[in-house]
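1. Give me a 3D structure for the following:
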Amino acid sequence: MGVNLAAVDVNIIIALIIVIIILSQAIRIVREYERVVIFRLGRFSGVKGPGIFFIIPIVDRVTLLDLRVVTIDVAKQVVITRDNVTVDVDAVIYYRVVDPGRAIVQVENYRMATSLLAQTTLRDVLGQIDLDDLLSKREELNKKLQEILDQHTDPWGIKVTAVTLRDVSLPEEMLRAIAKQAEAEREKRSRIILAEGEFQASKTMTEAAKLYGEAPVAIKLRELQTLAEIAREKNLIVVTPSGEMGTGSVAGLTAAFNKATTNKGQ
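-> Numbers count the residues shown, from 1 in each chain. A predicted model of the protein is given here:
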């Protein structure tokens, strides 16, 4: 009798151990940012999480996915632009899984697929634009790349949230050419500014000459003001015309000559 009780106790212990093992395999807990895709006897059964849930051991197979944003550092790609300039471009892709079921069922390895798609898309899009647009329209290119990648990855349950062109490396010869172009552009602007200044100055001087011709005394006052300014420099000697050859007299004679010429012409 004692032997039978001992055997029963052993069987109960073994049964309890088996139950504990089954429960440990059946109970699953996932974090807030995780999901579990369940396959029951090889067929897609559903997505579970977050929190605690149960599966059927041996029958169910589970795959854990992270729903947080993933960053892909796209290696430098050699790109030939539309104007036949070879550049090295690298970018950063940000994406996350929005449909865990499709991410597992529709594509074998969604991480590798997204990375390779980003590389090919980067070369295809940048190869259709000129170098100037590549250097000056970064924001537009980022949005265009994001839209294309998001469109292609949507069937996989992937959402591309952002694309950033990080660096554009140019050949040394092209850098020198761009530097010369920038220098020439600066020189052009400086010449235009100087010409505009000369034009404005000539207009102002012409108007001033007309006013001095109408009022000869004004030019004498201007002369005195100029002499007062020059007198501040004590190491200068200024010789000015005086008497009949004063500046006011010259202006008066000029005005009289112009008036006589006008009357003669009439």
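
2. Can you pull the domain assignment for the protein?
-> If you go by automatic domain parsing, the domain ranges for the chain are 2-32+41-63, 70-170, 172-214, 215-266.

3. Tell me which of the ones you listed is the most buried.
-> For those, the largest average neighbour count (mean count of other Cβ atoms under 10 Å) is found in domain 70-170, namely a mean of 16. Placement of C-beta: from N, CA and C, glycine included.

4. How far does that one stretch from one end to the other?
-> Terminal residues of domain 70-170 are spaced 29 Å apart (Cα to Cα, to the nearest Å).

5. Lowest average pLDDT across the domains of the chain?
-> In terms of average pLDDT, domain 215-266 trails the rest of the domains of the chain, at a mean of 60.

6. the helices in the stretch 151-266 of the chain, which residues?
-> 172-214, 216-230, 247-265 (DSSP state H, counting those that start in this stretch).

7. So which elements touch the longest one?
-> So the one you mean is helix 172-214. Packing contacts for helix 172-214, counted by 3 or more Cβ pairs under 8 Å, 6 or more residues apart in numbering; DSSP states H and E, involve helix 216-230, helix 247-265.

8. chain center to that helix: distance?
-> In terms of Cα atoms, centre = their mean, to the nearest Å, the gap separating the centre of helix 172-214 from the centre of its chain is 33 Å.

9. how close does residue 155 get to residue 17?
-> Distance, residue 155 to residue 17, using Cβ to Cβ, to the nearest Å: 46 Å.

10. go on, residue 106?
-> When residue 106 is compared with residue 17 (using Cβ to Cβ), they lie 41 Å apart.

11. Ok, residue 162 next?
-> To residue 17, residue 162 is 51 Å away according to Cβ to Cβ.

12. Kindly report the same for residue 69.
-> Where residue 17 is concerned, residue 69 sits at a distance of 43 Å (Cβ to Cβ).

13. helix, strand or coil for residue 145?
-> Taken by DSSP: H, G, I helix; E, B strand; the rest coil, the conformation at residue 145 corresponds to helix.

14. Make sure it is actually in contact with residue 124.
-> No - applying Cβ atoms under 8 Å as the test, residue 145 and residue 124 come out as separate, 9.8 Å apart.

15. Give me the contacts around the helix or strand hosting residue 10.
-> According to DSSP states H and E, residue 10 maps onto helix 2-26. With contact meaning Cβ atoms under 8 Å, 6 or more residues apart in numbering, helix 2-26 is reached by 54, 55, 56, 57.

16. who are the neighbours of the helix or strand just after it, in terms of helices and strands?
-> Sequence order places strand 27-30 as the next helix or strand after helix 2-26, per DSSP H and E. Secondary-structure packing of strand 27-30 (3+ Cβ pairs under 8 Å, 6+ apart): strand 51-54.
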